[in-house]
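S.K.: Sequence below, structure please.
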Amino acid sequence: MTISQTVHSLRPLTTFAMTLLAGVIWLGSQRVEASDFDADHWQAFDDASTIVLDHSAFSALLTAIVKPDGAGLHLVDYGSVSTDQRRVLDTYVESLTNSTVTGLNRDEQLAYWINLYNAVTLQVILDHYPVESIRDIGISPGFFTVGPWKALLVTVEGQKLSLDNMEHDILRPQWKTPLIHYGVNCASIGCPNLLPEAYQGANVIAALEKNAAVYINHPRGARVEDGRLIASKIYTWFQEDFGGSDKGVIDHLLKYADPELKKALAGQSSVARFEYDWSLNDRPSN
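M.R.: Below you'll find the model as predicted:
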């Protein structure tokens with residue numbers, strides 16, 4: 001092989017190496033930006049605060065577009081969202097991002113973050129609709145990332161935040177309750193329901209517990225088939241939030257199980273299989 005032939009044969013490899021290097025450099029730059037997140041900032045709250053944020057516009061929108069299927073699953077009529085409704089959604093998100101969340105009491109903060117997460121997720125889906133799955137919306141920075149969860153989408157109190165920041169850096173570590181997973185909605189069939197109303201500080205825990213019971217007693221949450229327990233992948237992805245073991249997961253399921261499921265769970269000591277459906281929670285057009 002001549003020198004020119006050797007150089008020619010190495011050119012694709014060189015191109016690939018340069019592309020990979022560029023991707024690593026870009027990924028590194030995104031990590032620097034993400035490192036600006038200040039977790040300590042979001043620990044502040046004012047339990048004496050009597051401020052109640054207005055979530056009525058979001059509630060009205062959710063009531064209009066979230067449609068229960070009659071069998072425990074809530075679907076979203078993304079295709080019917082009008083220009084005016086989209087404007088309502090955007091205005092609502094803007095109102096939340098302009099609020100001083102650290103000046104609220106803990107229950108108001110919890111409702112705030114769950115509503116903001118769900119409203120921004122709706123924005124993301126509508127920006128890319130029609131789409132088969134939220135995982136197909138590849139706007140997150142990074143060479144190997146999927147979905148929109150790491151994209152910096154909103155700014156609150158001067159900090160740029162992603163959906164992951166809201167869920168994993170604020171909600172989960174600050175409240176330390178598995179109920180968080182029944183509030184934030186990832187726009188998928190496998191996810192706990194998006195409620196047809198906004199969360200309110202006055203009843204946020206009760207609403208989360210009700211949604212937990214609905215999810216757990218639906219087949220996509222937990223079911224026993226041929227004597228084997230099948231559960232949502234939420235319980236393995238975040239097992240540390242559910243007791244850190246299969247036994248902890250089962251104890252959690254039993255807490256919200258109806259009599260039929262509770263009977264089926266009797267004697268179960270492990271989860272045989274975890275499942276999750278990433279299909280968009282879209283309401284089929286009539």
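
S.K.: Show me what counts as buried in the helix or strand encompassing residue 112.
M.R.: For residue 112, the host element (DSSP states H and E) is helix 106-128. Neighbour-count burial for helix 106-128, counted by 16 or more other CB atoms under 10 Å, picks out 107-126. To be clear about C-beta, it is placed using only N, CA and C from the backbone, and glycine gets the same treatment.

S.K.: so what does the following helix or strand past it touch, helix or strand wise?
M.R.: Next along the chain after helix 106-128, taking DSSP H and E as the criterion, comes strand 152-156. Strand 152-156 sits against helix 83-97, helix 106-128, strand 159-162, with contacts defined as 3 or more CB pairs under 8 Å, 6 or more residues apart in numbering; DSSP states H and E.

S.K.: Could you dump these into a markdown table and include distance to residue 203 and mean pLDDT?
M.R.: Compiled in a markdown table, those are given as follows (distance: least, CB to CB, whole Å; pLDDT from 0 to 100):
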| stretch | distance to residue 203 | mean pLDDT |
| --- | --- | --- |
| helix 83-97 | 19 | 98 |
| helix 106-128 | 9 | 98 |
| strand 159-162 | 25 | 98 |
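
S.K.: and of the ones you listed, who's closest to residue 244?
M.R.: helix 106-128 (23.0 Å; CB to CB).

S.K.: can you pull the contacts of the spatially most central residue of the chain?
M.R.: Geometric centre of the chain, nearest residue: residue 186, 4.0 Å, by CA atoms, centre = their mean. By CB atoms under 8 Å, 6 or more residues apart in numbering, the contact set of residue 186 is 121, 134.

S.K.: Please apply the same query to residue 180.
M.R.: Residue 180 neighbours (CB under 8 Å, 6+ apart): 114, 167, 171, 172, 208, 241.

S.K.: State the next helix or strand along the chain beyond the helix or strand containing residue 209.
M.R.: Using DSSP H and E, residue 209 sits within helix 204-216. Counting by DSSP H and E, the next helix or strand C-terminal to helix 204-216 is strand 222-225.

S.K.: Residues contacting that following strand, please?
M.R.: 216, 229, 230, 231, 232, 253, 257, 261, 264, 265, 268.

S.K.: Toward the C-terminus, what is the element adjacent to it?
M.R.: In N-to-C order, the element after strand 222-225 by DSSP H and E is strand 228-232.

S.K.: partners of that following strand in the sheet?
M.R.: The pairing partners recorded for strand 228-232 under DSSP bridges are strand 222-225 (antiparallel), strand 273-275 (parallel).

S.K.: Now do the buried residues in that strand.
M.R.: For strand 228-232, by 16+ other CB under 10 Å, it's 229, 230, 231, 232.
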